[in-house]
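# sequence plus predicted model, see below.
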Amino acid sequence: MQIDCPCGLGKTYDECCGKYHKGDAAPTTAEALMRSRYSAYAMKKVDYIVHTALVLDNKTAIEEWMERVKFVKLEIVRTQRGKALDKKGVVEFKAWFEAEGKIEVLHEVSAFVKRKGRWFYDESNSFTP
Ligand SMILES: [Zn+2]
(Lines give C-alpha, C1' and ligand atoms only; values in the text may rest on other atoms or scores of the structure.)
Protein backbone atom coordinates (compact mmCIF):
# COMPACT_ATOMS: atom_id res chain seq x y z
CA MET A 1 0.00 0.00 0.00
CA GLN A 2 1.36 3.37 -1.04
CA ILE A 3 0.18 5.17 2.06
CA ASP A 4 2.46 6.85 4.59
CA CYS A 5 3.30 4.51 7.43
CA PRO A 6 1.26 5.43 10.54
CA CYS A 7 4.39 5.19 12.72
CA GLY A 8 5.62 8.50 11.28
CA LEU A 9 9.06 7.51 9.97
CA GLY A 10 8.18 9.07 6.63
CA LYS A 11 8.32 5.88 4.58
CA THR A 12 5.48 4.11 2.82
CA TYR A 13 3.58 1.51 4.79
CA ASP A 14 4.92 -1.34 2.62
CA GLU A 15 8.55 -0.22 3.06
CA CYS A 16 8.13 0.38 6.79
CA CYS A 17 5.90 -1.48 9.26
CA GLY A 18 3.90 -3.29 6.56
CA LYS A 19 6.68 -5.81 5.95
CA TYR A 20 6.63 -6.74 9.64
CA HIS A 21 2.84 -7.08 9.65
CA LYS A 22 3.02 -9.39 6.64
CA GLY A 23 5.75 -11.49 8.27
CA ASP A 24 8.31 -10.75 5.54
CA ALA A 25 10.73 -9.38 8.12
CA ALA A 26 11.09 -9.07 11.88
CA PRO A 27 12.04 -5.81 13.63
CA THR A 28 15.69 -5.83 14.71
CA THR A 29 15.31 -3.16 17.37
CA ALA A 30 12.88 -2.54 20.22
CA GLU A 31 12.00 0.84 18.70
CA ALA A 32 11.12 -0.79 15.38
CA LEU A 33 8.87 -3.26 17.17
CA MET A 34 7.26 -0.42 19.14
CA ARG A 35 6.61 1.51 15.93
CA SER A 36 5.23 -1.55 14.18
CA ARG A 37 2.89 -2.28 17.09
CA TYR A 38 1.59 1.29 16.95
CA SER A 39 1.07 0.93 13.18
CA ALA A 40 -0.69 -2.38 13.80
CA TYR A 41 -3.13 -0.61 16.11
CA ALA A 42 -3.67 2.08 13.49
CA MET A 43 -4.15 -0.49 10.69
CA LYS A 44 -6.24 -2.82 12.89
CA LYS A 45 -3.81 -5.74 12.65
CA VAL A 46 -4.87 -7.36 15.88
CA ASP A 47 -3.00 -10.63 15.32
CA TYR A 48 0.28 -8.73 15.10
CA ILE A 49 -0.44 -7.08 18.46
CA VAL A 50 -1.16 -10.46 20.03
CA HIS A 51 1.85 -12.22 18.46
CA THR A 52 4.37 -9.56 19.49
CA ALA A 53 3.36 -9.47 23.16
CA LEU A 54 5.14 -11.60 25.72
CA VAL A 55 1.94 -12.28 27.64
CA LEU A 56 -1.18 -13.18 25.72
CA ASP A 57 -3.51 -10.20 25.48
CA ASN A 58 -7.28 -10.24 25.38
CA LYS A 59 -7.75 -10.12 21.61
CA THR A 60 -11.41 -9.14 21.77
CA ALA A 61 -10.70 -6.23 24.09
CA ILE A 62 -7.97 -4.97 21.75
CA GLU A 63 -10.27 -5.26 18.74
CA GLU A 64 -13.03 -3.34 20.50
CA TRP A 65 -10.60 -0.57 21.48
CA MET A 66 -9.19 -0.36 17.93
CA GLU A 67 -12.67 0.11 16.53
CA ARG A 68 -13.44 2.95 18.93
CA VAL A 69 -10.31 5.06 18.45
CA LYS A 70 -8.50 6.75 15.59
CA PHE A 71 -4.73 6.91 15.89
CA VAL A 72 -3.29 10.35 15.21
CA LYS A 73 0.45 10.39 15.89
CA LEU A 74 3.32 8.55 17.54
CA GLU A 75 6.23 10.29 19.22
CA ILE A 76 9.23 8.33 20.48
CA VAL A 77 10.45 10.22 23.56
CA ARG A 78 13.57 8.17 24.27
CA THR A 79 15.02 4.71 23.84
CA GLN A 80 17.39 2.76 26.05
CA ARG A 81 19.29 -0.26 24.72
CA GLY A 82 16.99 -2.36 22.51
CA LYS A 83 19.48 -2.43 19.66
CA ALA A 84 20.07 -5.44 17.41
CA LEU A 85 22.57 -7.05 19.78
CA ASP A 86 20.69 -6.33 23.03
CA LYS A 87 18.35 -8.69 24.87
CA LYS A 88 16.26 -5.99 26.55
CA GLY A 89 15.17 -2.51 25.69
CA VAL A 90 13.02 0.38 26.84
CA VAL A 91 11.08 2.76 24.63
CA GLU A 92 9.26 5.75 26.08
CA PHE A 93 6.55 6.99 23.76
CA LYS A 94 3.50 9.18 23.44
CA ALA A 95 0.69 7.99 21.21
CA TRP A 96 -2.07 10.41 20.35
CA PHE A 97 -5.48 9.09 19.47
CA GLU A 98 -9.00 10.38 19.09
CA ALA A 99 -11.78 8.80 21.08
CA GLU A 100 -15.36 10.07 21.02
CA GLY A 101 -14.23 13.33 19.43
CA LYS A 102 -11.53 14.02 22.00
CA ILE A 103 -7.77 13.85 21.49
CA GLU A 104 -6.07 11.81 24.16
CA VAL A 105 -2.48 10.80 24.72
CA LEU A 106 -1.12 7.50 25.92
CA HIS A 107 2.28 8.04 27.53
CA GLU A 108 4.16 4.88 28.45
CA VAL A 109 7.61 3.60 29.23
CA SER A 110 7.47 0.25 27.48
CA ALA A 111 9.75 -2.69 28.15
CA PHE A 112 10.83 -5.06 25.41
CA VAL A 113 12.64 -8.39 25.61
CA LYS A 114 14.18 -10.60 22.98
CA ARG A 115 13.26 -14.28 22.85
CA LYS A 116 14.87 -16.59 20.27
CA GLY A 117 16.06 -13.61 18.26
CA ARG A 118 12.72 -11.77 18.18
CA TRP A 119 11.57 -8.73 20.11
CA PHE A 120 8.44 -8.86 22.25
CA TYR A 121 6.53 -6.25 24.22
CA ASP A 122 6.74 -6.95 27.95
CA GLU A 123 3.65 -5.38 29.46
CA SER A 124 4.43 -6.51 33.01
CA ASN A 125 7.55 -4.31 33.12
CA SER A 126 6.00 -1.32 31.36
CA PHE A 127 4.59 1.67 33.21
CA THR A 128 3.09 5.13 32.90
CA PRO A 129 5.71 7.75 33.88
ZN1 LIG B 1 6.33 2.31 10.18
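Arrived safely, thanks for sending.
# report whether the host helix or strand of residue 20 contacts the ion.
In the assignment (DSSP states H and E), residue 20 maps to helix 18-22. No. Using CB under 5 Å from the ion, helix 18-22 stays clear of the ion, coming no nearer than 7.6 Å. For glycine as for every other residue, the C-beta is placed from the backbone atoms N, C-alpha and C.
# tell me the buried residues in the one helix or strand in the chain whose mean pLDDT sits lowest?
Least confident helix or strand, the chain: helix 59-68 with a mean of 93, by mean pLDDT, DSSP states H and E. For helix 59-68, burial by neighbour count (16 or more other CB atoms under 10 Å) applies to 62, 66.
# just stretch 27-47 next, same as before
For stretch 27-47, the neighbour count (16+ other CB under 10 Å) marks 27-43, 45-46 as buried.
# just these that are near the ion?
Contacts with the ion within those, as defined by CB under 5 Å from the ion: 35, 39.
# got the residues of the chain near the ion?
Contact residues (CB under 5 Å from the ion) of the chain with the ion: 5, 7, 16-17, 35, 39.
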